[in-house]
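Visitor: Any chance you could fold what I've pasted below:
(2 chains)
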Protein chains: 2
Amino acid sequence: MSVVESAAVIGLGLIGGSVARDLAVRGIRVSAYDADSSQLEAAMRDGVVSAALDASLAGVGDVELVVIAVPVDAALVVLRRVAAIASAPGVHTRLVTDVGSTKEKIVAQASAVGIGPIFVGSHPMAGDHRSGWRASRAGLFQDAPLYLCAPTDASADAIADITTLWRELGARTIEIDAHEHDVKLAWTSHLPHMIAATLALSLTQGGVGRSELGPGGRDMTRIAGSSPEMWTAIAMDNATAIDATLAAAEREIRRFRTALRSCDEQGVRGQFVAAKQWFDAG
Amino acid sequence: MSVVESAAVIGLGLIGGSVARDLAVRGIRVSAYDADSSQLEAAMRDGVVSAALDASLAGVGDVELVVIAVPVDAALVVLRRVAAIASAPGVHTRLVTDVGSTKEKIVAQASAVGIGPIFVGSHPMAGDHRSGWRASRAGLFQDAPLYLCAPTDASADAIADITTLWRELGARTIEIDAHEHDVKLAWTSHLPHMIAATLALSLTQGGVGRSELGPGGRDMTRIAGSSPEMWTAIAMDNATAIDATLAAAEREIRRFRTALRSCDEQGVRGQFVAAKQWFDAG
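Guide: The predicted structure follows:
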């Protein structure tokens, strides 16, 4: 017996699609919407989604759980629409979450649009560079760390229910303040993505294709294949924190360059030794 | 029947140790030297190396093939010693190679010390972040691209023999001019390593441990665990070409930062789209 019996998933990409699969497997009735109708049709054909919502999202009032799984800029728009429906009398909606990589803005907006008590933001650390329904899979959240960010006016019931739900899907939930989350993620996730893109762009300048790289270089550029739309939205949402992390990277590159240009072998070694110490510390 | 019946491997790390294993498996008598006697003892205990050379390397005159597998700065010193021995009358040495990640200096030095006709530089693209005898393994070179850089005075026999030998070990040999190799590798291998170290050092500044990263960030920092000695030697050897690649990376980071700070969403998207185009091109 799950926490909910019905859910709506808005956005059937890698994360949203995988949530839909995991819910359906557990006997939860899943309706869904995707702006790309081919994604929605595929999910229905695969027997995961049993009902299609239209662009008005009016149907979310008929389900208990709403999962917003669109890029973080679009998520703010969807949240406003969902809030308008979920605030009406007589609806079944009693739990709303999202799965975006930034949390401060959406958590603040949940309170601002009056659904703070039934909203808890989620961020499963389970994405990769692929996207779309075809990249989604059951079991994606097994053992994945998952951040939960509650608005100040979230209800204890909402927090308890979303926690139970994600744990049923195998995730390891971590409650964290939304602002703290965004600063932390700027380092742990957004910076690596910006650096992967930086390396890809540099290699473009050098006229070097990905097939010419060794295994190390290929690993380092894998996430450069991520969705530009999704990452543009994340970068703009968390621009200040990300800029601070890029400033650190720029300093370290300059340090390398200064040492190389002055034949400062000790300087170069110091950088590599410190990098390996960080690596060895795990 | 192999190209040679006896070989000496100088340096029993990941690459040298794997060469020794692959040669021994094919019935070639392998002697070896490693400045760390515990590595040498382990290789003898494992039945791969049948005779230990002393630090004078005098024994290389008794074998047909010499493989220099030490960091690229030490390799120049070892090559000089090997040349002095191999140039003496009556020795068996008729083929000398190295396995370093930079080639211009060692190829020029081979000619300068008079063993150009029997020297061909090798660079197997088969390393990873591990090092030492214990990281070595048979079959490491199977399907690995392997650059061959011959001095201008190399003999056709030497080039043919080293090519045959590496192909027996499964490598895909590619002949290339040594200078061209170093410029190319600055982009395809050295830049990714410097960027992995840069990311590690940035995360150190941010107080973030490797265990806090997602799969993408972990992949991106794996080669930050590489040997500092080996990579300091490579960086100093190829400093000018590497500096040019780091200049490109610095420019791309600045471009991201400028766009983020001026809320230039189109600018940020343009960067991500170009990075993905490069990725999709393969």
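Visitor: measure stretch A:210-228 end to end?
Guide: 18 Å (CA to CA, to the nearest Å).
Visitor: And stretch A:113-129, by the same measure?
Guide: 32 Å.
Visitor: do stretch A:54-69 as well
Guide: 16 Å.
Visitor: Same question for it: list its buried residues.
Guide: A:57, A:59-69 (16 or more other CB atoms under 10 Å in any protein chain shown). C-beta: built from backbone N, CA, C; applies to glycine.
Visitor: Just the ones of those residues in helices?
Guide: Residues of those located in helices (DSSP state H): none.
Visitor: Now pLDDT and distance to B:R269 too, for those residues, in JSON lines please.
Guide: JSON lines is the format used below for the buried residues of stretch A:54-69 (pLDDT from 0 to 100; distance: CB to CB, whole Å):
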{"residue": "A:L57", "pLDDT": "97", "distance to B:R269": "26"}
{"residue": "A:G59", "pLDDT": "95", "distance to B:R269": "32"}
{"residue": "A:V60", "pLDDT": "97", "distance to B:R269": "29"}
{"residue": "A:G61", "pLDDT": "96", "distance to B:R269": "34"}
{"residue": "A:D62", "pLDDT": "97", "distance to B:R269": "36"}
{"residue": "A:V63", "pLDDT": "98", "distance to B:R269": "33"}
{"residue": "A:E64", "pLDDT": "98", "distance to B:R269": "36"}
{"residue": "A:L65", "pLDDT": "98", "distance to B:R269": "32"}
{"residue": "A:V66", "pLDDT": "98", "distance to B:R269": "28"}
{"residue": "A:V67", "pLDDT": "98", "distance to B:R269": "26"}
{"residue": "A:I68", "pLDDT": "98", "distance to B:R269": "22"}
{"residue": "A:A69", "pLDDT": "97", "distance to B:R269": "21"}
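Visitor: quick one, what contacts A:A110?
Guide: Residues near A:A110 by CB atoms under 8 Å, 6 or more residues apart in numbering or on different chains: A:79, A:83, A:96, A:116, A:119, A:121, A:151.
Visitor: 6 Å instead?
Guide: Taking CB atoms under 6 Å, 6 or more residues apart in numbering or on different chains, we find A:A110 in contact with A:116, A:119, A:151.
Visitor: Restricting to those residues, which residues neighbour chain B?
Guide: Under the cut-off given by CB under 6 Å from any CB of the partner chain, chain B has nothing from these close to it.
Visitor: TSV for the residues you listed, including neighbour count and distance to A:S136?
Guide: Formatted as TSV, the contacts of A:A110 follow (neighbours: other CB atoms under 10 Å in any protein chain shown; distance: CB to CB, whole Å):
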residue	neighbour count	distance to A:S136
A:G116	21	29
A:F119	31	23
A:P151	22	28
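Visitor: Wait, A:I162 touches A:G121, no?
Guide: No. Using CB atoms under 6 Å as the test, A:I162 is too far from A:G121 to be in contact (9.2 Å).
Visitor: More neighbours: those two, which one.
Guide: A:G121 (31 against 26; other CB atoms under 10 Å in any protein chain shown).
Visitor: Run a quick neighbour tally on A:V113.
Guide: For A:V113, using other CB under 10 Å, the count is 18.
Visitor: And for A:L95?
Guide: 24.
Visitor: Apart from its neighbours in sequence, what residue is nearest it?
Guide: A:L65 (4.8 Å; CB to CB, 6 or more residues apart in numbering or on different chains).
Visitor: quick one: that neighbour and chain B, what's the gap?
Guide: 25 Å (CB to the nearest CB, to the nearest Å).
Visitor: Pull the contacting residues for that residue.
Guide: A:4, A:7, A:95.
Visitor: same deal with A:V63?
Guide: A:6-8.
Visitor: hmm, 10 Å instead?
Guide: A:4-9, A:28-31, A:51, A:53, A:86, A:91-95 (CB atoms under 10 Å, 6 or more residues apart in numbering or on different chains).
Visitor: What about the residues you listed, which are in strands?
Guide: A:6-9, A:29-31, A:51, A:95 (DSSP state E).
Visitor: thinking again about what came up before, among the contacts of A:A110, which are in helices?
Guide: Going by DSSP H, the helices hold none of the contacts of A:A110.
Visitor: hmm, back to that, between A:I162 and A:G121, which contacts overlap?
Guide: Counting by CB under 10 Å, 6+ apart, the residues touching both A:I162 and A:G121 are A:96-97, A:148, A:150, A:154.
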